[in-house]
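K.L.:
Take this sequence and fold it.
(one chain, ligands or ions: 2)
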Amino acid sequence: MASNKKLLVLPGDGIGPEVMTQVRRVVDWFDTRQAVGFDLEEDLVGGAAIDKHGVPITDATMDKAMTVDSVLLGAVGGPKWDDLPFEVKPERGLLRLRKDMQLFANLRPALCFDALVSASTLKPEVVSGLDIMIVRELTGGVYFGEPRGIENLPDGSRRGINTQVYTTPEIVRVAQVAFDLARKRGNRVCSVEKANVMESGVLWREEVSKLHAAEYNDVELSHMYADNCAMQLVRDPKQFDVIVTDNLFGDILSDTAAMLTGSLGMLPSASLGGIDAQGRRKSLYEPVHGSAPDIAGQGLANPIATLLSFAMMLRYSFDLGSDADLVEQAVQNVLNSGKRTADIVAPGSERISTGQMGDAILAELDRLAA
Ligand code: IPM
Ligand code: MG
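P.N.:
Numbering: from 1, shown residues only. Ligands and ions are numbered 1, 2, ... in the order given. I've put the predicted structure just below:
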């Protein structure tokens with residue numbers, strides 16, 4: 001029997017811990033019921049780490065993240081820590097994980113579940129059957145570019161600076177991920193930048209085109225300006241298969257894409273690094289939604305996005321596609337049965353709590369595996 005997978009679980013803040021509690025039940029279910037086993041270790045990130053250690057992630061936690069097989073994260077942040085200096089805000093814990101683990105490719109699928117078509121703010125015919133994948137560059141661009149900061153000017157006013165910067169290798173490696181994914185899906189990639197105003201966008205477009213010509217000319221490639229892409233996502237999202245874009249545009253466009261599907265509470269994400277000499281790839285999985293402090297601790301949160309993030313881990317990190325299918329099928333069946341958490345409740349559906357959603361999914365897993 002294969003050795004256990006080592007997982008670092010970082011529930012974080014707000015609704016993070018309560019959704020993670022439900023996901024841990026599913027991990028335990030796999031541990032006892034399926035061929036795959038997990039060794040779980042739980043630790044602090046974000047505001048929870050600030051409260052205990054004064055920093056949003058400790059070096060010791062980082063060391064664990066660097067050595068485990070994969071990391072599962074809940075969410076970070078909340079009003080309690082809003083006034084802290086920038087460098088020690090909860091979000092810096094997440095950004096350090098991404099940067100130090102070199103997780104340059106962020107996969108954000110936007111999938112519209114049939115049962116939730118009516119939960120979208122868009123017309124059903126625009127979103128039904130929607131299945132797009134946004135590949136967001138995650139360790140470069142304006143999020144990390146230097147120089148950055150706020151400086152005082154001689155006249156007493158101030159200047160805030162951030163730098164958008166990309167190099168050839170940074171563009172090529174994330175584009176490769178997008179092209180490889182497209183080959184397993186609809187075989188189309190749309191590369192998104194602002195080449196009309198930014199040199200980094202001109203370079204992005206040129207490098208993606210070069211890579212395409214050299215290695216991926218079997219994949220259909222198009223280019224789009226980011227503002228147009230935002231508009232097209234709302235006008236006709238089904239025109240897209242895979243979108244590849246930089247860190248900041250990807251942050252914005254993935255929120256738009258997420259909302260097309262009816263609920264942020266449904267969408268998972270994977271953040272992947274390069275493949276090392278041992279053939280291993282660092283990875284972190286997290287829901288697209290945030291810590292939602294306003295609804296934390298009330299049983300209102302939807303655990304599905306984090307659960308589907310675990311399913312992505314099974315698929316992308318452990319090559320356990322059929323186990324991932326099982327989780328996704330269980331989620332689908334529970335939704336089809338009309339059970340809904342508060343965020344996706346609709347007339348005629350049955351409103352249930354975070355924990356009851358966990359119960360329903362576990363019962364469905366039992367049924368499917370029987
Ligand atoms: C995201 C979030 C983060 C980001 C924040 C929490 C730092 O919005 O993962 O999309 O901007 O990348
Ligand atoms: Mg975001």
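K.L.:
Determine the number of other residues adjacent to the closest residue to ligand 1 within the chain.
P.N.:
Residue nearest to ligand 1 within the chain: residue 91 (4.0 Å; Cβ to the nearest ligand atom). All C-beta atoms are positioned from the backbone trio N, CA, C, and that covers glycine. Neighbour count of residue 91, defined by other Cβ atoms under 10 Å: 15.
K.L.:
before we move on, what about residue 293?
P.N.:
By other Cβ under 10 Å, 18 other residues sit near residue 293.
K.L.:
For the residue nearest to it when sequence neighbours are not counted, give me phi and psi.
P.N.:
Excluding the flanking residues, the one nearest residue 293 by Cβ to Cβ, 6 or more residues apart in numbering is residue 78, at 4.0 Å. Main-chain dihedrals, residue 78, degrees, to the nearest 10: phi 170, psi 160.
K.L.:
Tell me who's in contact with residue 78.
P.N.:
Applying Cβ atoms under 8 Å, 6 or more residues apart in numbering to residue 78 gives the contacts 13-14, 47, 90, 291, 293, 296.
K.L.:
The residues you listed: which two are farthest apart?
P.N.:
Comparing all pairs in these by Cβ to Cβ, the longest separation belongs to 90 and 296, at 13.4 Å.
K.L.:
More neighbours: which of these two?
P.N.:
Higher neighbour count among residue 90 and residue 296: residue 90, with 26 against 17, using other Cβ under 10 Å.
K.L.:
is it true that that one touches residue 10?
P.N.:
No. Using Cβ atoms under 8 Å, residue 90 is not in contact with residue 10; the gap is 11.5 Å.
K.L.:
any idea which element the residue nearest the centre of the chain lies in?
P.N.:
What sits nearest the mean C-alpha location of the chain, by Cα atoms, centre = their mean, is residue 269, with 2.4 Å. Secondary structure from DSSP states H and E places residue 269 in strand 268-275.
K.L.:
for that strand, the distance to its chain's centre please.
P.N.:
9 Å (Cα atoms, centre = their mean, to the nearest Å).
K.L.:
returning to that earlier point: any common contacting residues for residue 90 and residue 10?
P.N.:
Common neighbours of residue 90 and residue 10 are listed as residue 45 (criterion: Cβ under 8 Å, 6+ apart).
K.L.:
Now do residue 1, the pLDDT please.
P.N.:
Listed pLDDT for residue 1 reads 50.
K.L.:
picking that back up, what about the residue nearest to residue 293, distance to residue 154?
P.N.:
Remark: distance between residue 78 and residue 154 (Cβ to Cβ, to the nearest Å) = 38 Å.
K.L.:
How about the residues of the stretch 51-200 of the chain by ligand 1?
P.N.:
91, 94-95 (Cβ under 6 Å from any ligand atom).
K.L.:
In TSV, list the residues you listed along with secondary structure and pLDDT.
P.N.:
TSV is the format used below for these (DSSP: H, G, I helix; E, B strand; the rest coil; pLDDT from 0 to 100):
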residue	secondary structure	pLDDT
91	helix	95
94	helix	96
95	helix	94
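K.L.:
JSON lines please, covering those residues and showing distance to residue 236.
P.N.:
Below are those laid out as JSON lines (distance: Cβ to Cβ, whole Å):
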{"residue": "91", "distance to residue 236": "33"}
{"residue": "94", "distance to residue 236": "32"}
{"residue": "95", "distance to residue 236": "33"}
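K.L.:
Can you tell me which of those is closest to residue 247?
P.N.:
residue 95 (10.4 Å).
K.L.:
Ignoring the adjacent residues along the chain, who's closest to that closest one?
P.N.:
Going by Cβ to Cβ, 6+ apart, residue 95 has residue 143 as its nearest residue, at 7.0 Å.
K.L.:
ok, now how distant is that neighbour from residue 247?
P.N.:
Residue 143 is 5 Å from residue 247, where distance means Cβ to Cβ.
K.L.:
When those two are compared, which one has more neighbours?
P.N.:
Between residue 143 and residue 247, residue 247 has the larger neighbour count (other Cβ under 10 Å), namely 23 against 18.
K.L.:
With adjacent residues omitted, what lies nearest to that one?
P.N.:
Excluding the flanking residues, the one nearest residue 247 by Cβ to Cβ, 6+ apart is residue 141, at 3.7 Å.
K.L.:
Could you count how many residues lie near the one you found?
P.N.:
Using other Cβ under 10 Å, the number of residues around residue 141 comes to 24.
K.L.:
now the one 3 residues further on
P.N.:
Residue 144 has 16 neighbours, counted by other Cβ under 10 Å.
K.L.:
same thing with residue 121?
P.N.:
Neighbour tally, residue 121, other Cβ under 10 Å: 9.
K.L.:
How about residue 248?
P.N.:
16.
K.L.:
Would you mind writing the CA trace of the helix or strand hosting it as PDB?
P.N.:
If you go by DSSP H and E, residue 248 is part of helix 247-260. Taking C-alpha atoms only, helix 247-260 is exported to PDB below (Å, rounded to 0.1, in the frame of the first residue of the first chain):
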ATOM      1  CA  ASN A 247      -1.300  38.300 -11.100                       C
ATOM      2  CA  LEU A 248      -3.400  41.400 -10.700                       C
ATOM      3  CA  PHE A 249      -5.700  40.900 -13.800                       C
ATOM      4  CA  GLY A 250      -6.100  37.300 -12.700                       C
ATOM      5  CA  ASP A 251      -7.200  38.400  -9.200                       C
ATOM      6  CA  ILE A 252      -9.900  40.700 -10.600                       C
ATOM      7  CA  LEU A 253     -11.100  38.500 -13.500                       C
ATOM      8  CA  SER A 254     -11.300  35.400 -11.300                       C
ATOM      9  CA  ASP A 255     -13.700  37.200  -8.900                       C
ATOM     10  CA  THR A 256     -15.900  38.100 -11.900                       C
ATOM     11  CA  ALA A 257     -15.800  34.600 -13.300                       C
ATOM     12  CA  ALA A 258     -16.500  33.200  -9.800                       C
ATOM     13  CA  MET A 259     -19.700  35.300  -9.400                       C
ATOM     14  CA  LEU A 260     -21.000  34.100 -12.800                       C
END
